[in-house]
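Trainee: kindly return the folded structure for what I paste below:
(chains A and B)
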Number of protein chains: 2
Amino acid sequence: MSEIQLTPRDRSDLRLLAWGAYAPLDAFTGEADHRSIVERMRVTSGELWPFPIAPALDDETAKGIKGASSVDLRDPEGTLVGRVVEPELYRTEPEADVVPLFGTDDPNHPGVAAVLEAGPWRLGGRVATDHDFALPAPFDHYPATPSAVKAIIAEHGWRTTVFFQTRNPIHRAHEYLTKCALETVDGLVIHPLVGETKDDDIPADVRLRCYETLLDAYYPKRRTLLALFAAPMRYAGPREAVFHALVRHNFGATHFIVGRDHAGVGDYYGTYEAQDLLVSLGPAELGVTPVPFEHTFFCLTCDSMGSAKTCPHDPEVHVHLSGTKVRELLAAGELPPPEFSRPEVAAILKEAYTS
Amino acid sequence: MSEIQLTPRDRSDLRLLAWGAYAPLDAFTGEADHRSIVERMRVTSGELWPFPIAPALDDETAKGIKGASSVDLRDPEGTLVGRVVEPELYRTEPEADVVPLFGTDDPNHPGVAAVLEAGPWRLGGRVATDHDFALPAPFDHYPATPSAVKAIIAEHGWRTTVFFQTRNPIHRAHEYLTKCALETVDGLVIHPLVGETKDDDIPADVRLRCYETLLDAYYPKRRTLLALFAAPMRYAGPREAVFHALVRHNFGATHFIVGRDHAGVGDYYGTYEAQDLLVSLGPAELGVTPVPFEHTFFCLTCDSMGSAKTCPHDPEVHVHLSGTKVRELLAAGELPPPEFSRPEVAAILKEAYTS
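Mentor: Next comes the predicted model:
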């Protein structure tokens, strides 16, 4: 019996693939699609898609399943979760592939590192599965599948819905931009990524308590939905922004917020590279209208939130704290100012940092 | 020599027509276009256009130019400003036309009243003119032609520009929505209507001082432009919103803000009728993306601006003042609270109301 064990990241991808969130993909990518995606960010049929989605295998594992007519898939805990029928095992060149995918082959880039470490073989093919990919607690309390999210959007009767991708707690800067975006559409989905991230990102369960508290106190319930995005981060900047936008279309989005340095890490990408790419692709290719935002802040002279686009005042009257500064404050048991973070959210973070 | 004298409204329309602001129109509308516009809001060639644009004449005036091979046009001061060549004089049915145009034949509606009072004849035809239609002081200090506005947009390098139509001073509610809209585009044009309005609207010169002061203190210069829209108001609600959007496309807009009750008067139109019409027509028909906004206000609990879409709190914590209340305060020499109006703007209005 041929089988492989999925990594946590592979499992996250399989879950979203099984849920239909990765359309146009309906299978692990085969060799032709792999090449087409890497080289031109499109599947062979021409539709936009930025990442090959197929378990990567090392030489030994690949050897073990070579010639198999089907390959069983076990999750990281050993549970059988599906079977690749008509498997297509093929060898790739990870060192070459990472350059178009990530714009760099620097192994310090966490996305590049993940590809380079994962082995050169890929297992393509359709996956037969009747496994329940529901997320574990505490994530099981939130809608996470495209069908669940689309059903709630339909229930609300939202004709236009903007999605906000985040992997951080929402402070006032991001509250402002989500509300700015919501002002001109019918509904807002706060769609935090809860799949695999870098170790120094704030844990998803803490973030969820922050989101719940913020939404409860400062957002109208009939206009806002908290739903989960169970994908892993690749930190691929512009390509990941395309991924984030395309997948949100499958979740029912009509609009997608794209910030500065979207899905980037370090200084591998230009500040506006992700925004410019989404805007140039546009709604016809992406299935959603990209909604680009600048860095936002509270201005003491305006006495309101704004950005360099909407506030003419000197940076010294802008309330801005670096992530490092916020972590220092919280670790010391102090709260950032209310112009930076809602006190209710800051209290949860303080507790998480000091406990 | 056949000639007619234009009303101030006719002159405003001719000015914008001569400037190219009324494309697809390039002439006073003839009878076929008149009927097509009234009945289906399109010129005979199929392009969207909401109002017939042609001087209306009474029986006596029409009789005086009947059969003329050309008709000279004099402005309200008697200056010769152009000549209609190949004039097409035709009789219309104002009582019937106002119903599709305004959704009512109530003579208390100021737009309906203007049509009913103006006489049943119309003078169509191309206008030959080399008149300088520049606006008089103090309006001559601001860009007012499509070419002037488009040149400034090009100079700034704005790829996307949102236009804000207003005939009122800008208080914080409208500052908020213009800035919300600006956050996701490159530039903002504050485009106040300075043509003919109802007598109880605030005079344009006072409003201009308010806009200048507000922009100077609270908007970045490289993202904002104050330009004039010299069209008269018809208060036709949804049709006027279409007019406002189409004409802004000719001024270089890519986006157009449409509020609740846009260009309405009294309660002749549903709150969302103008927004719904623009959204259903969409950018392909309008040439601009409509950006719809709700009623906005300062919320004392959020400590920020918002709307019923983005703020969950009770109306009693919302700073809202009726127009009547604001006028009462200003006339009594008092300023509305800073959450309602910037003190710099309120001071100008107070002076205008008390002097």
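Trainee: all the helices of chain A, residue numbers only.
Mentor: All helices of chain A, identified by DSSP state H, fall at A:8-18, A:31-40, A:59-65, A:94-102, A:110-117, A:146-156, A:172-183, A:204-218, A:238-250, A:273-286, A:323-331, A:343-354.
Trainee: buried residues of the fourth one, list them for me.
Mentor: Buried residues in helix A:94-102, defined by neighbour count with 16 or more other Cβ atoms under 10 Å in any protein chain shown: A:94, A:97, A:98, A:101, A:102. Any C-beta I mention is one placed from the backbone N, CA and C, and that applies to glycine too.
Trainee: what mean pLDDT does it have?
Mentor: Confidence over helix A:94-102 (mean pLDDT, whole number) is 98.
Trainee: want to throw the helices of chain A into CSV with distance to chain B?
Mentor: What follows is the helices of chain A, written out as CSV (distance: least, Cβ to the nearest Cβ, whole Å):
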stretch, distance to chain B
helix A:8-18, 28
helix A:31-40, 25
helix A:59-65, 46
helix A:94-102, 27
helix A:110-117, 28
helix A:146-156, 12
helix A:172-183, 4
helix A:204-218, 6
helix A:238-250, 15
helix A:273-286, 8
helix A:323-331, 19
helix A:343-354, 11
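Trainee: save those as JSON lines, and put in distance to residue A:24 too.
Mentor: Shown next, in JSON lines, are those (distance: least, Cβ to Cβ, whole Å):
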{"stretch": "helix A:8-18", "distance to residue A:24": "11"}
{"stretch": "helix A:31-40", "distance to residue A:24": "10"}
{"stretch": "helix A:59-65", "distance to residue A:24": "26"}
{"stretch": "helix A:94-102", "distance to residue A:24": "18"}
{"stretch": "helix A:110-117", "distance to residue A:24": "22"}
{"stretch": "helix A:146-156", "distance to residue A:24": "14"}
{"stretch": "helix A:172-183", "distance to residue A:24": "26"}
{"stretch": "helix A:204-218", "distance to residue A:24": "28"}
{"stretch": "helix A:238-250", "distance to residue A:24": "9"}
{"stretch": "helix A:273-286", "distance to residue A:24": "12"}
{"stretch": "helix A:323-331", "distance to residue A:24": "36"}
{"stretch": "helix A:343-354", "distance to residue A:24": "37"}
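Trainee: the ones you listed: which one's closest to residue A:310?
Mentor: In terms of Cβ to Cβ, the element of the helices of chain A nearest to residue A:310 is helix A:172-183, at 9.5 Å.
Trainee: look up how far residue A:16 lies from the spatially most central residue of chain A.
Mentor: Note on chain A: the residue nearest the mean C-alpha position is residue A:193, at 4.8 Å, using Cα atoms, centre = their mean. Per Cβ to Cβ, to the nearest Å, residue A:193 is found 11 Å from residue A:16.
Trainee: circling back: least reliable of the helices of chain A by average pLDDT, please.
Mentor: helix A:323-331 - the lowest mean pLDDT of the helices of chain A, at a mean of 88.
Trainee: show me what counts as buried in that one.
Mentor: A:326, A:329, A:330.
Trainee: per-residue pLDDT of residue A:254, please?
Mentor: Per the predicted model, pLDDT is 98 at residue A:254.
Trainee: for residue A:251, same thing?
Mentor: 98.
Trainee: go on, residue A:322?
Mentor: 85.
Trainee: next, count neighbours for it.
Mentor: 8 (other Cβ atoms under 10 Å in any protein chain shown).
Trainee: tell me the spacing between it and residue A:340.
Mentor: 11 Å.
Trainee: also residue A:136?
Mentor: As for residue A:136, its distance to residue A:340 is 33 Å (criterion: Cβ to Cβ).
Trainee: the more surrounded of these two?
Mentor: Shown here are residue A:136 and residue A:340; by other Cβ under 10 Å, residue A:340 has more neighbours (19 against 6).
Trainee: report the contact partners of the more buried one.
Mentor: By Cβ atoms under 8 Å, 6 or more residues apart in numbering or on different chains, the residues touching residue A:340 are A:171, A:172, A:173, A:298, A:319, A:320, A:321, A:326.
Trainee: just the buried ones out of those, please.
Mentor: Applying 16+ other Cβ under 10 Å to those flags A:171, A:172, A:173, A:298, A:319, A:321, A:326 as buried.
Trainee: need the max-distance pair from those residues.
Mentor: Among these, A:298 and A:326 lie farthest apart (Cβ to Cβ), at 14.0 Å.
Trainee: isn't residue A:116 right up against residue A:96?
Mentor: No. Counting by Cβ atoms under 8 Å, residue A:116 does not reach residue A:96; the two are 11.1 Å apart.
Trainee: overlap in contacts of residue A:193 and residue A:16?
Mentor: What both residue A:193 and residue A:16 touch, as defined by Cβ under 8 Å, 6+ apart, is the set A:230, A:231.
Trainee: how many residues are close by the residue nearest to residue A:294 when sequence neighbours are not counted?
Mentor: Once flanking residues are discounted, residue A:294 sits nearest to residue A:307: 3.9 Å by Cβ to Cβ, 6 or more residues apart in numbering or on different chains. Residue A:307: 23 surrounding residues under other Cβ under 10 Å.
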